[in-house]
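Peer 1: The following comprises the amino acid sequence and a computationally predicted model.
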There are 2 protein chains.
Amino acid sequence: MDHRERRTLIADALMRVAAERGLEAVSLRHVAAEAGVSSGMVQHYFRTRDEMMTFALSVVHEHHEARIGAAIAALGPDPAPRALLRTMLVELLPLDEARRADGRVALAFLAYTAVRPEVAAGLHQETVGLLAFLAGQIRAGRPADRRVDPDRAAVGLLAIVEGLGVYLLGGHYPAETALAALDAQLDLIMGPTDVGVGRDRD
Amino acid sequence: MDHRERRTLIADALMRVAAERGLEAVSLRHVAAEAGVSSGMVQHYFRTRDEMMTFALSVVHEHHEARIGAAIAALGPDPAPRALLRTMLVELLPLDEARRADGRVALAFLAYTAVRPEVAAGLHQETVGLLAFLAGQIRAGRPADRRVDPDRAAVGLLAIVEGLGVYLLGGHYPAETALAALDAQLDLIMGPTDVGVGRDRD
DNA sequence: GTTTTTGCATTGCAGTCGCAATGTAAAACG
DNA sequence: CGTTTTACATTGCGACTGCAATGCAAAAAC
């Protein structure tokens, strides 16, 4: 079993602890117990707690990307921009328990990095990439009569998803409300859809 | 000096600690030191740490409402719905250091309550009230030709502000980007404005 | 073979934590 | 007046923290 794999195993345990009891309950001993290993081993793979946290953050990042990639792949080749966007963004919402767990961890890390700006560089990169992709899809799928700036719309769309995620995690709304809001936003940006989205391009 | 006032004083110190070093640095001793009092006094006013946290959360909530109230009051009587909305929502964005500090605390509490659902009831109430107000303003200010559902639009608008706030706190974008996205969203919901309408501040 | 390195486990330590217990001075009260 | 209550301050304790140090068996290198 190689180094990276072990670290990931530990980071997964960290995320389970964080999802259940919050980041402040993440200690070397708790993580070790959750992973079913000795705390010495955790220390062997991460020399400091911060190193462990940073690595776990990168794992969250990978989960994120993997989820998006899988959702896109499941759409088949050449998906309509609107369908692609919706699929991606819905995937980012914490609608089931698995994504809720990831979401709680991500939220906790958000608060964590807000006070440790030096760790947040990776998150920043991810945001920029996502934004560019969203803007591209909006540009491709927006009807000609709409005067929306794709870049601004992308920022707004991503912010909506983030915000909805936060409110969902807080249990402030049910899933349908969030989905309705997301669809309404897509309508606003890309025009209301008829049946058979994006089939009628010329 | 009365009970409530003392508690608020301590809660303010708590928020300063939380804004600078995160909620995990909030301990009885740190808060006491920051407030310039003995830790025994803190304990006298809050029997447990959780009680202190919960009270501080309610103070954050009050700050929030006070800020919004002041912003609205500053607009004078009978403001245009769009201007009112924009003023309110801009006020919620962490654009200066004071609001950034509040925002960091709010974000930390968000992560905190995500794992302690029993504490989050107050936040829920606030959200519901805000949503109803936003929906009312959208309904009042939306041009007749737009087919937007005010309730969904309100959810979206609030989510955008929350999301933008999160990204601003993370330093992922500059203030102008967030403001541009907010204005673009208001354009989408309420129709594009002519030059000079509510576009000229902050 | 021996030696060195690797991969972990165990132990220990200084520091911090929440919180209870206790002390004390002033205020309120009868 | 004495007594009780309030408003703090101080001390202490057991639990927990990150982390260094050390131990130790197996693998790798020589």
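Peer 2: Perfect, I can see it now. Numbering: from 1, shown residues only, chains lettered A, B, ... in the order given.
Peer 1: Just confirm yes or no for the host helix or strand of residue A:181 near chain B.
Peer 2: Applying DSSP states H and E as the criterion places residue A:181 in helix A:175-190. Yes: remark: helix A:175-190 sits within contact range of chain B at A:177-178, A:180-182, A:184-185, A:188-189, by C-beta under 8 Å from any C-beta of the partner chain. No exception for glycine: its C-beta is placed from N, CA and C like everyone else's.
Peer 1: Can you redo those residues as TSV, where the extra columns are neighbour count, distance to residue B:75 and pLDDT?
Peer 2: Below are the residues of helix A:175-190 next to chain B laid out as TSV (neighbours: other C-beta atoms under 10 Å in any protein chain shown; distance: C-beta to C-beta, whole Å; pLDDT from 0 to 100):
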residue	neighbour count	distance to residue B:75	pLDDT
A:177	17	29	96
A:178	25	31	97
A:180	17	30	97
A:181	27	27	97
A:182	24	31	97
A:184	20	27	95
A:185	28	27	96
A:188	23	26	93
A:189	25	29	93
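Peer 1: any weak-confidence spans in chain A?
Peer 2: Scanning chain A with the threshold set as pLDDT under 70 gives A:193-202.
Peer 1: what about 50?
Peer 2: Applying pLDDT under 50 to chain A flags the ranges A:195-202.
Peer 1: Check which helices and strands the helix holding residue A:181 sits against.
Peer 2: helix A:81-92, helix A:121-141, helix A:150-169, helix B:150-169, helix B:175-190 (3 or more C-beta pairs under 8 Å, 6 or more residues apart in numbering or on different chains; DSSP states H and E).
Peer 1: How about the fourth one and chain A, touching?
Peer 2: The one in question is helix B:150-169. Yes: using C-beta under 8 Å from any C-beta, we find that helix B:150-169 touches chain A at B:152-153, B:155-156, B:158-164, B:166-167, B:169.
Peer 1: Around DNA strand C, which positions in chain A sit nearby?
Peer 2: When proximity is defined as C-beta under 7 Å from any atom of the strand, chain A approaches DNA strand C at A:1, A:3, A:6, A:37-41, A:43-45.
Peer 1: Kindly give a single ChimeraX line that selects the buried subset of those residues.
Peer 2: Those of these that count as buried under 16 or more other C-beta atoms under 10 Å in any protein chain shown are selected in ChimeraX with:
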select /A:6,37,45
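Peer 1: contact partners of the helix holding residue A:181?
Peer 2: Residues outside helix A:175-190 that contact it (C-beta atoms under 8 Å, 6 or more residues apart in numbering or on different chains): A:81-82, A:85-86, A:89-90, A:93, A:95, A:138, A:141-143, A:146, A:148, A:153, A:156-157, A:160-161, A:164, A:167-168, A:193, B:148-149, B:152-153, B:155-156, B:159, B:188-189.
Peer 1: what's the angle between the longest helix along chain A and helix A:121-141?
Peer 2: The helix that spans the most residues within chain A, counting by DSSP state H, is helix A:49-73. With axes from the mean of the first three to the mean of the last three C-alpha atoms, to 10 degrees defining the directions, helix A:49-73 sits at 20 degrees from helix A:121-141.
Peer 1: Kindly calculate the angle that helix A:49-73 makes with helix A:81-92.
Peer 2: 140 degrees.
Peer 1: how about the residues of chain A that lie near DNA strand D?
Peer 2: Going by C-beta under 7 Å from any atom of the strand, the residues of chain A near DNA strand D are A:25-30, A:39-40, A:43, A:47-50.
Peer 1: Buried subset of the contacts of helix A:175-190 as a ChimeraX selection?
Peer 2: Buried residues within those, by 16+ other C-beta under 10 Å, are selected in ChimeraX with:
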select /A:81,82,85,86,89,90,93,95,138,141,142,148,153,156,157,160,161,164,167,168 /B:148,149,152,153,155,156,159,188,189
